[in-house]
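Engineer: My questions are about this predicted structure, shown below with the sequence.
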Amino acid sequence: MDLEKPPPAPVAPVTPAAPPEGCLVAAIRMPVRIVVFVVVVPVRLVWDALVAGGRLLHEKVLVPLARGIGWLLYGLLVWPFVALWRYVLAPVGRVLIVVPARWLYARVLTPLGRAIAFLGRAAGLGLAWLGRALFVWPWVALWQYALVPVGHGLAWLARQLGAGLEAVGRGVGWLLRVLLVVPAVWLYTYLLTPVGRAIAALCTGVGIAVARLARVLVAVPAVWLYANVLTPLVRWLVVLPVLAVWRWVLVPVGRALAVLVREVGEALGHAWRVAGYVSLAVGRFLGRLLRWVFVDPVRWAYRTVLTPVGHAVRDQVWRPVARAARQALGAARDTFRQARADLRRALFGSPRQPEPLVRGQREPGAAEARTLGSSTTALTKTAFIKD
């Protein structure tokens, strides 16, 4: 049953109530809003006009002009170099440089490099073996058979000498401990420590007596003077006047200035929004006026006059001229091809014609073909006929 119950309705958030406004706010708000509205509306109109003009200038003038200049600069500066590289330098460089260099690398430099590498590897192996025989092996033999035994002997001698020195050091250390350390420890424990503790106790007692005397003679009069003389004097001469000035002068003036600044800011925002609506209405009116005065007459002239005239010019003038131009170009193209073919025939002769196929030379006749009932092929039958 609980699942069939409708979900509880969402609780709307409680908005805090606006604080009550005084008579000062009501007296400041309307004059400030009227003055700000009168000042802001012309500024907003001028601003919207400048924005619309700048947007129109950017979209209809600057962007097409920049594109046209870009295409012009591309056609004058970039495309000639691109065409020169693509149709002249690249083919010539490929024929004169790339192909010979590739052939030289594949046919000359690669075998020569391999031969040099093989000779270098062989020479390196020979020099390595010779170097080991002349320099490495004698030193290895000297190390293994001369220096290593001598080093072992010197190490044994050093170990024996170190053991002797360690025994001597232990004896000297025991002697120093007995003669110096033990008497010094006894002197510190039974003589210096009691004397130091007595001196520290004496200094502590003297310090406590001096501190108590200074407290009685200096601290108590100073505290009494601060509590009974300086504190009331500072309170009546400094704190209370400053507090009165802050509470009765600065706080009311600050609140009034805050209210004035807040109202001016709200009035500016309200006036700017209202001026936007006014500017939008003025812009729409001017747009409709320009449409009625210029756009609609031009559209009517285009649809009623220019379009039929253009269709007539296209059907009666442009298409016949284009058809005649295409026919003239086709005739000129055919004449040029015929002249080029005649020139090639005069310089290099007629092209070689393919030989006609004879049925008897490439395929066997009907009588010589293989049949389903015979066991011979066309080749064996031809050979039998020749024999």
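Structural biologist: On my side now, so go ahead. Please read these numbers as outputs of a predicted model, since none were measured by experiment. Numbering: from 1, shown residues only.
Engineer: Give me the residue ranges of this structure where confidence is low.
Structural biologist: 1-29, 347-387 (pLDDT under 70).
Engineer: What segments of it are strands?
Structural biologist: Secondary structure of the chain (DSSP state E): no strands present.
Engineer: Stretch 293-304: how far from the chain's middle?
Structural biologist: Centroid separation for stretch 293-304 versus its chain: 52 Å, with CA atoms, centre = their mean, to the nearest Å.
Engineer: separation between L142 and A128?
Structural biologist: 21 Å (CB to CB, to the nearest Å). For the C-beta atoms, the positions are set from N, CA and C on the backbone; glycine is no exception.
Engineer: Q316 too?
Structural biologist: 97 Å.
Engineer: on contacts alone, who are the packing partners of the longest helix anywhere in the chain?
Structural biologist: Secondary structure of the chain per DSSP state H: the longest helix is helix 251-290. Under the contact criterion of 3 or more CB pairs under 8 Å, 6 or more residues apart in numbering; DSSP states H and E, helix 251-290 touches helix 23-57.
Engineer: Next, the angle helix 251-290 makes with the helix it packs on.
Structural biologist: 30 degrees (axes from the mean of the first three to the mean of the last three CA atoms, to 10 degrees).
Engineer: Helix 23-57: which residues count as buried?
Structural biologist: Buried residues in helix 23-57, counted by 16 or more other CB atoms under 10 Å: 28-29, 32-33, 36-37, 40-41, 44-45, 48.
Engineer: Let me have those residues in TSV, adding distance to L89 as columns.
Structural biologist: Below are the buried residues of helix 23-57 laid out as TSV (distance: CB to CB, whole Å):
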residue	distance to L89
I28	80
R29	78
V32	75
R33	74
V36	70
F37	71
V40	65
V41	66
R44	61
L45	61
D48	56
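Engineer: For the residues you listed, which two are the farthest from each other?
Structural biologist: I28 and D48 (28.9 Å; CB to CB).
Engineer: how far away is G265 from V36?
Structural biologist: 10 Å.
Engineer: Kindly apply the preceding question to T189 instead.
Structural biologist: Distance from T189 to V36, by CB to CB: 94 Å.
Engineer: ditto for V206
Structural biologist: V206 is 81 Å from V36, by CB to CB.
Engineer: and if you look at P91?
Structural biologist: 75 Å.
Engineer: and what of V278?
Structural biologist: Between V278 and V36 the distance is 14 Å, computed by CB to CB.
Engineer: What of L257?
Structural biologist: 17 Å.
Engineer: what do you get for I69?
Structural biologist: From I69 to V36 the distance is 45 Å (CB to CB).
Engineer: just A341 next, same as before
Structural biologist: Distance from A341 to V36, by CB to CB: 89 Å.
Engineer: I97 too?
Structural biologist: Distance from I97 to V36, by CB to CB: 78 Å.
Engineer: go on, V229?
Structural biologist: Using CB to CB, one gets 58 Å for the distance from V229 to V36.
Engineer: Common neighbours of V278 and V36, please.
Structural biologist: Shared contacts of V278 and V36 (CB atoms under 8 Å, 6 or more residues apart in numbering): none.
Engineer: Many thanks, I have nothing further to ask.
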